[in-house]
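# Fold the following for me, if possible:
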Amino acid sequence: MLGAELVEGLFKCIQNKKFHYDLILQLCDHGQPLYTHSLNTCLISLGFTKHLGWPEGKIKAFGLGALLHDIGMTKIAPEILYKSGPLLDMEWRQVQNHPFDGFTILKNYTNLCYDALLMVHQHHEQGDGSGYPDGLKLSSIHPWARILRIIDSYEALTARRNWRPPLPPFEALSIMRHRCDQSGVYHPNLLTFFIKFLAD
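Numbering: from 1, shown residues only. Below is the predicted model:
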């Protein structure tokens, strides 16, 4: 049932006549891991915002932003993006700049609301100020970006990476809860709601 609702939500996100398929093709062309991460993040976002009781229009807007949140990664060479070893300082700076690059790419796409644009720009900001690109504290992070930070982290931890196998969901959530308790990386109430959503 939930799977059918997620597919329907994704369909509604992309059926808009103004939807730019070239962006999805860019994600796909830049590598299967990036495309899969973007799609998974979108689907989880649609389910979670529905669980939160958001209205349909707001869910669609969030879902579209989630689908395109890593479009800035397409500015990074695949040999850096999928590197199995540690990144050089210069390479890490490129990765840290991808939220701003994504915002720059998407700001001229009229079917993305400003909330979604801010979500793209801030989705790697962390509640303790240790995130990037601007090192914002929790109170300065847009509410949509706070939600996406949780979803993005969960999807990344439970997905296979060149340097590690995927983590089981319980282990991923335990790590996230520990980070939240220790340093306030995530919004604590939102993380609790997310865990309950997955449990349901």
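# what's the next secondary structure element after the helix or strand bottoming out on mean pLDDT in the chain?
Here the helix or strand of the chain ranked lowest by mean pLDDT, DSSP states H and E is helix 2-14, holding a mean of 59. The helix or strand immediately downstream of helix 2-14 is helix 21-29, counting by DSSP states H and E.
# Show me where the protein has its helices.
2-14, 21-29, 32-51, 56-67, 78-81, 89-96, 98-106, 114-122, 143-157, 169-183, 188-199 (DSSP state H).
# between those helices, which gets nearest to D128?
When the helices of the chain are compared by CB to CB, helix 169-183 sits nearest D128, at 4.4 Å. The way it works is simple: take the backbone N, C-alpha and C, and place the C-beta from them, glycine included.
# For the closest one, what does the pLDDT average out to?
Taken as a whole, helix 169-183 has a mean pLDDT of 95.
# try stretch 24-34
Mean predicted confidence for stretch 24-34 is 76.
# Ends of it, what's the gap?
10 Å (CA to CA, to the nearest Å).
# got the contact list for that stretch?
Residues from elsewhere that reach stretch 24-34 (CB atoms under 8 Å, 6 or more residues apart in numbering): 14, 35, 38, 67-68, 70-71, 73-74, 78, 81-82, 159-161.
# Mind checking which of those residues are buried?
35, 38, 67-68, 70-71, 73-74, 81-82, 159 (16 or more other CB atoms under 10 Å).
# just curious, which of the residues you listed is nearest to G102?
When the buried ones among the contacts of stretch 24-34 are compared for distance to G102 (CB to CB), I71 wins out at 4.7 Å.
# what residues are up against the closest one?
23, 26-27, 101-102, 105-106, 120.
# if I look at it, how far off is W163?
Separation of I71 from W163 (CB to CB, to the nearest Å) stands at 23 Å.
# list the contacts for L191?
150, 176-177, 180.
# pLDDT score assigned to the residue nearest to H187 when sequence neighbours are not counted?
Once flanking residues are discounted, H187 sits nearest to R146: 4.6 Å by CB to CB, 6 or more residues apart in numbering. R146 carries a pLDDT value of 98.
# I'd like the buried ones among the contacts of stretch 24-34 as TSV, with distance to F197 appended.
Output for these, formatted as TSV (distance: CB to CB, whole Å):
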residue	distance to F197
Y35	24
S38	20
L67	19
L68	22
D70	22
I71	26
M73	26
T74	30
L81	29
Y82	30
A159	18
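# just the residues you listed now: which is nearest C113?
C113 lies nearest to L68 out of the buried ones among the contacts of stretch 24-34, by CB to CB, at 12.2 Å.
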